[in-house]
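Visitor: Pasting the sequence and the predicted coordinates here, then a few questions.
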Amino acid sequence: MKYFIHTYGCQMNVHDSEKIAGILEGMGYVATSVQDEADIVVFNTCCIRETAEQKIYGHIGALKKVKMRNPDMIVVVCGCMSQQDGVAQKIRESYPFVDIILGTSNLNSLKDAVQDAKRRKHCVKVDFEQYAEEDFNQSRTSYPNAWVNINYGCNNFCTYCIVPYVRGRERSRPLSDIMTEVKTLLSEGYKEITLLGQNVNSYGHDLPDGEDFPTLLKNIGELPGKFRLRFMTSHPKDLSQEVIDVVAKYPNICNNIHLPVQSGSTEILKRMNRRYTRDDYLNLIQKIRQKLPNAGITTDIMVGFPGETEQDFLDTLDLVKQAKYSSAFCFIYSRRKGTPAYSMPDQIPYEVKRDRITRLLACQNEVTKEISAAMINNKYEVLVEGANNHYANTMCGRTESGRLVNFKCDESYVGQFVTVQIEKAKSATLWGRIVTEEE
Ligand code: SAH
Ligand code: SF4
Ligand code: F3S
């Protein structure tokens, strides 16, 4: 019996797919890389932007013919899309060959649902539940990195964003559970732990006193052995000096901070309900640079939010130049039903959004090029992560600051720390060679 999982969206979903794989493997299924030969096909969906959603509906629709040829195939739709108002209903009506619809916190129902589906019984479950990670095994695919959830959901309600509606209110995992998982992963040989949450900095606000994000970082930072600790995402309104100090103090916590800005205009930030101003944000960058001068700071930026003027956009470009991000994920604002921004006046025409994203990408590209050029000839510690499949005998890995580097070596190096001297830079991509300490 074989399974195939389509994973869309962010790291949360990538990690949820590892849990889904673990559940299915526990039931005797094995992974296949060919969708059409699978006995179970899972769509782990994302609805952050309309483009993501349309693509997924297309992929689900395309499975109809396969299912007609193989009526025993079980089709599962889960993740953020199914949790949206009315979507489960729509899937039941328009894609009746889908057997199971699960929301973002119902993975613990998957096993029973699959057994029901074998008896031709449909299952729809999209309520918010809390499950313990320990309730099922995980089939991790990202060695030497391991994803670890620290909090689920989001309380921030940025006015453009669907996540609080589809992932529910913020719930923190007990600190002791996280520590147990991290210790197990390290003892299994994982070399990098990435803590996941929509807003890691508010971790613990719903837990007993003393269980907060800096405490969690310190506890992991104190663990023995050589490994790296990363975390994402940091909301600028909650990233405290204490967190910056802890990152500076512990050598195994990477100097790499993902700090989504969204816009460089205070007026737009206000309407986005981000709860910081342009100046607050730039001051925060300065605080980070002061304490962590070699930090790689990355961001998410959106163009074309309702009412964004040319001047607002120019403010964003100006902020990008000042912040000197090592990279930025840039998005065109997408109208999400059910969010406040959906009904805001002055929605921006597509051509204007298109023009702005092109200019934004060009601007960030210049910044990245400059940072990359300054890295040439320098040596960095890199954790070898895996093969670069486009080139023979080439592996890639990341610097502590989070920059991806390609270099020649064989697969036996995966999971090892090496020193790489940067030789050339093609904008975002760095190339180098492994050197010995003495070189
Ligand atoms: N919790 C994280 C973001 C999660 S969503 C944070 O607050 O930073 C990842 C990114 O998708 C966001 O940072 C934002 O830039 C983008 N995004 C969210 N909603 C969007 C929308 N409606 N249209 C376009 N981009 C969106
Ligand atoms: Fe969405 Fe804002 Fe929550 Fe991030 S913090 S998930 S952008 S509502
Ligand atoms: Fe992630 Fe998409 Fe859900 S970005 S949280 S998978 S809506």
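Guide: Arrived safely, thanks for sending. Numbers count the residues shown, from 1 in each chain. Ligands and ions are numbered 1, 2, ... in the order given.

Visitor: The closest residue to ligand 3 within the stretch 51-200 of the chain: how many residues sit nearby?
Guide: Nearest to ligand 3, among the residues of the stretch 51-200 of the chain, is residue 80, at 3.3 Å (C-beta to the nearest ligand atom). (C-beta placed from N, C-alpha, C; glycine too.) Residue 80: 27 surrounding residues under other C-beta atoms under 10 Å.

Visitor: Would you agree it is in contact with residue 87?
Guide: No - counting by C-beta atoms under 8 Å, residue 80 sits too far from residue 87 to count as a contact (9.5 Å).

Visitor: list the residues that contact both of these two?
Guide: Residues touching both residue 80 and residue 87 by C-beta atoms under 8 Å, 6 or more residues apart in numbering: residue 47.

Visitor: about what we covered before: which residue packs closest to the residue of the stretch 51-200 of the chain closest to ligand 3, ignoring adjacent ones?
Guide: residue 166 (4.2 Å; C-beta to C-beta, 6 or more residues apart in numbering).

Visitor: What of residue 270?
Guide: residue 277 (7.9 Å).

Visitor: check contacts around the one you found.
Guide: 266, 269, 270.

Visitor: try residue 29
Guide: The contact partners of residue 29, taken as C-beta under 8 Å, 6+ apart, are 1, 2, 3, 39, 40.

Visitor: how many neighbours does the residue lying closest to the fourth one once chain neighbours are set aside have?
Guide: Translated: residue 39. With sequence-adjacent residues excluded and distances taken as C-beta to C-beta, 6+ apart, residue 39 is closest to residue 1, at 4.8 Å. By other C-beta under 10 Å, the residues close to residue 1 number 12.

Visitor: ok, residue 1 to residue 188 distance?
Guide: 26 Å (C-beta to C-beta, to the nearest Å).

Visitor: Surely the residue nearest to residue 80 is in a helix?
Guide: Yes - counting by DSSP: H, G, I helix; E, B strand; the rest coil, residue 166 falls inside a helix.

Visitor: Flag every buried residue along stretch 325-337.
Guide: Buried residues in stretch 325-337, counting neighbours by 16 or more other C-beta atoms under 10 Å, are found at 325, 326, 327, 328, 330, 331, 332, 333, 334, 336.

Visitor: Stretch 86-105 now?
Guide: Buried-residue list, stretch 86-105, by 16+ other C-beta under 10 Å: 87, 88, 91, 95, 98, 99, 100, 101, 102, 103, 104, 105.

Visitor: what about that stretch and ligand 2, touching?
Guide: No - applying C-beta under 6 Å from any ligand atom, one finds stretch 86-105 out of contact with ligand 2, separated by at least 12.4 Å.

Visitor: cool, and stretch 7-21?
Guide: No - Stretch 7-21 is not in contact with ligand 2 by C-beta under 6 Å from any ligand atom; minimum separation 9.2 Å.

Visitor: Buried residues, that stretch. List them.
Guide: 7-10, 12-21.

Visitor: circling back to that earlier point, and the residue nearest to residue 270, backbone torsions?
Guide: With angles defined as degrees, to the nearest 10, residue 277 sits at phi -100, psi 170.

Visitor: I'd like the numbering to begin with 35 instead of 1 from here.
Guide: Got it, first residue is 35 now, which makes that one residue 311.

Visitor: Can you give me the pLDDT of it?
Guide: Listed pLDDT for residue 311 reads 98.

Visitor: cool, and residue 291?
Guide: 98.

Visitor: which one is it nearest to, not counting chain neighbours?
Guide: Closest to residue 291 by C-beta to C-beta, 6+ apart is residue 331, at 5.3 Å.

Visitor: for the one you found, helix, strand, or coil?
Guide: Going by three-state DSSP: residue 331 is strand.

Visitor: Am I right that it is in contact with residue 356?
Guide: No - with contact defined as C-beta under 8 Å, residue 331 does not count as touching residue 356 (11.4 Å).

Visitor: Pull out the buried positions in stretch 443-462.
Guide: Buried residues in stretch 443-462, defined by neighbour count with 16+ other C-beta under 10 Å: 443, 447, 448, 449, 452, 454, 455, 456, 459.

Visitor: Skipping adjacent residues, who's closest to the closest residue to ligand 3 within the chain in space?
Guide: Closest residue of the chain to ligand 3, C-beta to the nearest ligand atom: residue 43 (2.6 Å). Closest residue in space to residue 43, ignoring its immediate chain neighbours: residue 80 at 2.7 Å, by C-beta to C-beta, 6+ apart.

Visitor: Against residue 187, how distant is the residue of the stretch 85-234 of the chain closest to ligand 3?
Guide: 11 Å.

Visitor: okay, and the common contacts of those two?
Guide: With C-beta under 8 Å, 6+ apart, residue 114 and residue 187 have common neighbours residue 201.

Visitor: follow-up on the earlier one: which one of the contacts of residue 63 is nearest to residue 283?
Guide: For the contacts of residue 63, the minimum distance to residue 283 (C-beta to C-beta) is 43.4 Å, reached by residue 37.

Visitor: so which strand or helix has that closest one?
Guide: Using DSSP states H and E, residue 37 sits within strand 36-41.

Visitor: Quick one: find the helix or strand in this structure with the lowest mean pLDDT.
Guide: strand 157-159 (a mean of 90; mean pLDDT, DSSP states H and E).

Visitor: Note down every partner strand of that strand and its orientation.
Guide: Partners of strand 157-159 in the sheet, by DSSP bridges, are strand 134-136 (parallel).
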